[in-house]
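In: got a sequence here, can you model it:
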Amino acid sequence: MNGGPSGFSNAPVAKAFVIGSALFTVFFGIRGRSSKLGLSYQDIFEKFRVWKLIMSIFAFSSTPELMFGLYLLYYFRVFERQIGSNKYSVFILFSMTVSLLLETLLLSLLKDPTANLLTSGPYGLIFASFVPFYFDIPVSTRFRVFGVRFSDKSFIYLAGLQLLLSSWKRSILPGVCGIVTGSLYRLNVLGIRRAKLPEVMTSFISRISLPSIGNSPRSPNRNVLGGMSTHPARQQEFQRSYQAAPMAASVAPSEEAIATLVSMGFDSNAARQALVHARNDVNAATNILLEAQSH
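Out: Sure thing, here's the model as predicted:
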């Protein structure tokens, strides 16, 4: 299992968010204000620090949190490739908004005017992403370490656990709010999974993202995580194009490579045919699938 093609190919929104989060964290770190970004009851209900409320969902408060947080945000770019940049933007806005509302509710219930109870950073988005990660990303390899069974997904879970416990209660509460938010998104509360932003917004994000070397064409929108919204006639055209093309039948695609493409939202049969055509090269197979889908 991996996040698909290397870099931010077909993931301009995730790229812009990762760069923005890193820049905000460095900016506040240079100014020595990172430790003061954590939210408290006093910030919201007494002093009404709106700027702090907004910045707390972008900038991490410490270097270790930044490292694990950016690693997870980078990996979860796979969801943008699955559902498309537009719906992934909706997922980001929903995750950050709802988790922030839940955090505010917690602060109102705890009513501690002195302590910074919640650490800063995009915990809502990160831990909301663990919900589709758990349900929709398949395990491709399993192994044992000292008799304990692990899978390739275990490393992502361990990174998430490290981030969740990084500031103990201050980080656990935002993490739990993120998981609840991700569950609400998966349950399609208020039909949120069908919502879309105006295309001009996602196009703008794509333009402001720094160019990546070797970017593939943009992936098509999908209806749900793990499923492609293709027209039957287009699927038949796709199948005919592969039947007409010369196949390197001697190269058998590996199950791990097939699982990687399936985790990105492609049909397993189409993924297998693309891998045969690309001689088991996952990146080349991804490009073949995306190009076939764009025609």
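In: does the residue lying closest to Thr63 once chain neighbours are set aside sit in a helix or strand, and which one?
Out: Spatial nearest neighbour of Thr63, chain neighbours left out: Gly29 (7.8 Å); criterion: C-beta to C-beta, 6 or more residues apart in numbering. All C-beta atoms are positioned from the backbone trio N, CA, C, and that covers glycine. Gly29 belongs to helix 12-30 when assigned by DSSP states H and E.
In: just the buried residues of that helix, please?
Out: Residues of helix 12-30 classed as buried by neighbour count (16 or more other C-beta atoms under 10 Å): 12-18, 21-22, 24-25, 28-29.
In: same thing with stretch 266-286?
Out: In stretch 266-286, counting by 16+ other C-beta under 10 Å, buried: 266-267, 270-278, 280-282, 284-286.
In: wait, what's in contact with Lys111?
Out: Tyr41 (C-beta atoms under 8 Å, 6 or more residues apart in numbering).
In: again with Ala14
Out: Taking C-beta under 8 Å, 6+ apart, one finds 8, 73-74, 76-77, 80, 88 in contact with Ala14.
In: with distance to Ile54, secondary structure and pLDDT added, can I get those residues in CSV?
Out: Below are the contacts of Ala14 laid out as CSV (distance: C-beta to C-beta, whole Å; DSSP: H, G, I helix; E, B strand; the rest coil; pLDDT from 0 to 100):
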residue, distance to Ile54, secondary structure, pLDDT
Phe8, 24, coil, 85
Leu73, 18, helix, 96
Tyr74, 23, helix, 95
Phe76, 22, coil, 94
Arg77, 23, coil, 93
Glu80, 23, helix, 90
Tyr88, 21, helix, 94
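In: farthest-separated two in the residues you listed?
Out: Tyr74 and Tyr88 (13.9 Å; C-beta to C-beta).
In: now do the strands in the protein.
Out: For the chain, applying DSSP state E gives strands covering 142-145, 148-151.
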